[in-house]
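**Q** give me a model of this one.
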Amino acid sequence: MKLVVCVVCLCIIINFVYCTISRDIAITAVTNDGHSITDLPNEFKNDREIILLAVKSNGDALKHLDEFFKNDKEVVSTAVLNHFIGSPLAYASNCLKSDREFIKTLVVKKGYCLEYAHEMLRDDKEIVMMALDSGYYIFKYVSERLRNDKEVVWKALESCWSNNNVLDYVGKDILSDEEIVKKAIQKGYPLKKLKARL
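**A** A predicted model of the protein is given here:
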């Protein structure tokens with residue numbers, strides 16, 4: 001009996017808290033922490049302004065949103081472009097992940113988005129070359145075909161600072177290209193690792 005009373009009291013308190021959250025409080029909450037979108041009443045979970053503020057505050061908040069917003073270019077690009085580590089693109093709709101023009105606009109600024117782009121776009125040389133401008137670490141997400149394209153491998157090596165692992169992902173044909181191997185060694189690829197791959 002006491003448990004029933006406690007549960008009823010808890011429900012009343014939760015309902016009271018949800019009913020008393022104003023739009024201003026909701027905006028303050030998501031601006032401070034995008035993940036707080038999950039704790040808001042439903043009326044605010046579909047409010048476009050609040051949604052945009054949440055993903056701007058923390059791109060990963062995208063995972064908590066309704067599928068409708070995961071297919072919204074402005075919401076997804078706001079989430080991606082305002083996120084530092086990882087990519088909220090992982091939570092976007094498959095439709096957006098395979099939208100070539102949309103992915104191009106993202107990889108220009110956040111090359112790591114390539115990881116979650118549709119596999120067809122990870123095999124698109126123009127998109128891959130744009131993504132590699134962000135750094136060589138993107139190379140592991142490139143299609144197998146392009147990981148064996150000399151121009152793409154060269155671009156990845158050009159993006160390296162030191163201690164790169166680009167050659168870890170290439171095929172035997174590229175490893176037989178002396179120019180590529182020399183460039184990789186100049187960029188810090190360990191000779192010991194190279195010998196093991198040959």
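**Q** please make it C-alpha for all contacts and neighbour counts, starting now.
**A** Will do.
**Q** need the pLDDT of the residue nearest to the spatial centre of the chain.
**A** Of all residues in the chain, the one closest to the mean position by C-alpha atoms, centre = their mean is Ser87, 1.5 Å from it. Predicted confidence (pLDDT) for Ser87: 87.
**Q** any weak-confidence spans in this structure?
**A** 1-19, 162-163 (pLDDT under 70).
**Q** recalculate using a threshold of 90.
**A** In the predicted model of the chain, residues 1-21, 82-87, 134-137, 158-176, 181, 184-198 satisfy pLDDT under 90.
**Q** which SSE is the residue lying closest to Ile127 once chain neighbours are set aside in?
**A** Nearest non-adjacent residue to Ile127, counting by C-alpha to C-alpha, 6 or more residues apart in numbering: Lys104, 6.0 Å away. Element membership for Lys104 (DSSP states H and E) is helix 100-109.
**Q** and for that helix, what's in contact with it?
**A** Here helix 100-109 makes contact (C-alpha atoms under 8 Å, 6 or more residues apart in numbering) with 73, 77, 80-81, 96-97, 113-114, 117, 121, 127, 130-131, 133-134.
**Q** max pairwise distance over these: which two?
**A** Farthest pair in the contacts of helix 100-109 (C-alpha to C-alpha) is Lys73 and Asp133. Separation: 22.8 Å.
**Q** between these two, which has more neighbouring residues?
**A** Shown here are Lys73 and Asp133; by other C-alpha atoms under 10 Å, Asp133 has more neighbours (18 against 14).
**Q** which residues does the more buried one contact?
**A** Counted by C-alpha under 8 Å, 6+ apart, Asp133 has contacts Val108, Gly111, Ser159.
**Q** what do you get for Thr38?
**A** Thr38 makes contact with Lys45, His64, according to C-alpha under 8 Å, 6+ apart.
**Q** just the helices in the chain please.
**A** Using DSSP state H, the helices assigned to the chain run over residues 2-20, 23-32, 42-45, 48-57, 67-70, 73-81, 94-97, 100-109, 125-132, 150-158, 172-175, 178-186, 191-197.
**Q** so which of the contacts of Asp133 wins on neighbours?
**A** Gly111 (25 neighbours).
**Q** mind checking how far it is from Lys193?
**A** To Lys193, Gly111 is 27 Å away according to C-alpha to C-alpha, to the nearest Å.
**Q** likewise for Leu62?
**A** Applying C-alpha to C-alpha to Leu62 and Lys193 gives a distance of 40 Å.
**Q** more neighbours: which of the two?
**A** Under the criterion of other C-alpha under 10 Å, the comparison of Leu62 against Lys193 puts Leu62 first, with 29 against 12.
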